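**Student:** everything below, folded, please.
(one chain, ligands or ions: 1)
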Amino acid sequence: MYNSTPDTLIIGKKVIYLPTCHSTNDIAAEIVHAGLFEEGTVVITDNQVKGRGQRGTVWNANAGENLTFSVVLTPGFLPIQEQFLISQITALAVRGYLGSYVPDTKVKWPNDIYMNNRKSCGVLIENSLQGTRFSSSIVGIGVNINQQVFQNDYATSLARETGLTLSLTEEFHKLLKFLDAYYVRLRSHSQHDAIRSEYLRHLYGYQQDVKFLHKGNITNGSVTSVTKLGKLRVRLATEPEELEFGLKEIEWVRD
Ligand code: BTN
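**Tutor:** Numbers count the residues shown, from 1 in each chain. As a prediction, the model looks like this:
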């Protein structure tokens, strides 16, 4: 059971808890379409049976061991060309939360969070537009908290990295505070450049030698920046000039 939080300004003032559901992003979308929501409403479940990941993938999380939830935002103040800022603040908020336990916590572009080089959180953001403005943004977050066993060896959880067993409700409230603080910053236009710099500071591969899969070959390179539209700029050892990539155009290769 998850309750609303008194400690935030916008996110989590209303929490809808479902013991089981298919996908919290889908439930949040239904609520948005019905017009029955206030900004910051959170849909959370203990057992998400059809979790969706980025690029049509599936998000699996053991029931009752992790946080799987979606936040409904209405960032009408943000020009749509700046929508990558929503990814950036979400990634930074989760990174800040997980980083309070594990120092080596990085954002892997666009918005995966890695602890000790293993994935511990995925984010799926689904925006709806009305003309040139956002009517809603559904921010779906899956954070591995107490799960110990994973299907692949590059996934991890807070419990695995710290040796602790954590209270899901307490961790949910801690994470909401980070999300709320970053969303409040996003609402202040003067914070946008600071958010972009902070994102770069925590970005895996930024000004560091890492490996990419590019055109079928594994190549060394480093991230030089991320554009306002959210494209990754990379200097590859095999290419004479810096290149810019969108989703699906380049892949990370694990060390
Ligand atoms: C990814 O890494 O591919 C993104 C995973 C996003 C998973 C979360 S869990 C809560 C929300 N509901 C979903 O169906 N997906 C997101």
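**Student:** what residue in the protein comes nearest to the ligand?
**Tutor:** G122 (2.2 Å; CB to the nearest ligand atom). The C-beta positions use only the backbone N, C-alpha and C, and glycine is treated the same way.
**Student:** for K215, grab phi and psi.
**Tutor:** phi 50, psi 40 (degrees, to the nearest 10).
**Student:** pull the number of nearby residues for it.
**Tutor:** 11 (other CB atoms under 10 Å).
**Student:** make residue 1 into 13 and carry on from there
**Tutor:** I'll keep to 13 as the first residue from here, and by that count the last item is K227.
**Student:** so what's it up against?
**Tutor:** K227 sits next to no residue when contact means CB atoms under 8 Å, 6 or more residues apart in numbering.
**Student:** now swap in G88 and tell me
**Tutor:** Counted by CB under 8 Å, 6+ apart, G88 has contacts R145, F146, S147.
**Student:** show me which of these are buried.
**Tutor:** Buried residues within the contacts of G88, counting neighbours by 16 or more other CB atoms under 10 Å: F146.
**Student:** what is the nearest of the contacts of G88 to T53?
**Tutor:** Among the contacts of G88, S147 lies closest to T53 (CB to CB), at 14.4 Å.
**Student:** make sure that closest one is indeed in a strand.
**Tutor:** Yes: counting by DSSP: H, G, I helix; E, B strand; the rest coil, S147 is located in a strand.
**Student:** gap between it and L90?
**Tutor:** 12 Å (CB to CB, to the nearest Å).
**Student:** now do L187
**Tutor:** Counting by CB to CB, the gap from L187 to L90 is 22 Å.
**Student:** and what of S149?
**Tutor:** For S149 relative to L90 (CB to CB), the value is 9 Å.
**Student:** and the longest strand anywhere in the chain, average pLDDT?
**Tutor:** Counting by DSSP state E, the longest strand found in the chain is strand 130-142. On average, the pLDDT along strand 130-142 is 96.
**Student:** paired strands for the helix or strand harbouring I153, with orientation please.
**Tutor:** Using DSSP states H and E, I153 sits in strand 145-155. Under the criterion DSSP bridges, strand 145-155 sits next to strand 79-85 (antiparallel), strand 130-142 (antiparallel) in its sheet.
**Student:** would you turn those strands into JSON lines with mean neighbour count and distance to V106?
**Tutor:** Shown next, in JSON lines, are these (neighbours: other CB atoms under 10 Å; distance: least, CB to CB, whole Å):
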{"stretch": "strand 79-85", "mean neighbour count": "25", "distance to V106": "10"}
{"stretch": "strand 130-142", "mean neighbour count": "19", "distance to V106": "5"}
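**Student:** right, so of these, which gets closest to T17?
**Tutor:** strand 79-85 (12.1 Å).
**Student:** for the longest helix along the chain, list the C-alpha coordinates in PDB.
**Tutor:** The residue-count maximum for a helix in the chain (DSSP state H) belongs to helix 180-198. Output of helix 180-198 as PDB, limited to C-alpha atoms (Å, rounded to 0.1, in the frame of the first residue of the first chain):
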ATOM      1  CA  LEU A 180       9.400  -0.100  -0.700                       C
ATOM      2  CA  THR A 181       7.100   2.500   0.700                       C
ATOM      3  CA  GLU A 182       9.900   4.500   2.300                       C
ATOM      4  CA  GLU A 183      12.100   4.300  -0.800                       C
ATOM      5  CA  PHE A 184       9.100   5.400  -2.900                       C
ATOM      6  CA  HIS A 185       8.700   8.600  -0.800                       C
ATOM      7  CA  LYS A 186      12.400   9.300  -0.900                       C
ATOM      8  CA  LEU A 187      12.400   9.000  -4.700                       C
ATOM      9  CA  LEU A 188       9.300  11.200  -5.000                       C
ATOM     10  CA  LYS A 189      11.100  14.000  -3.100                       C
ATOM     11  CA  PHE A 190      14.000  13.900  -5.600                       C
ATOM     12  CA  LEU A 191      11.600  13.900  -8.600                       C
ATOM     13  CA  ASP A 192       9.600  16.700  -7.100                       C
ATOM     14  CA  ALA A 193      12.600  18.900  -6.500                       C
ATOM     15  CA  TYR A 194      13.900  18.400 -10.000                       C
ATOM     16  CA  TYR A 195      10.500  19.100 -11.500                       C
ATOM     17  CA  VAL A 196      10.200  22.300  -9.500                       C
ATOM     18  CA  ARG A 197      13.600  23.300 -11.000                       C
ATOM     19  CA  LEU A 198      12.400  22.500 -14.500                       C
END
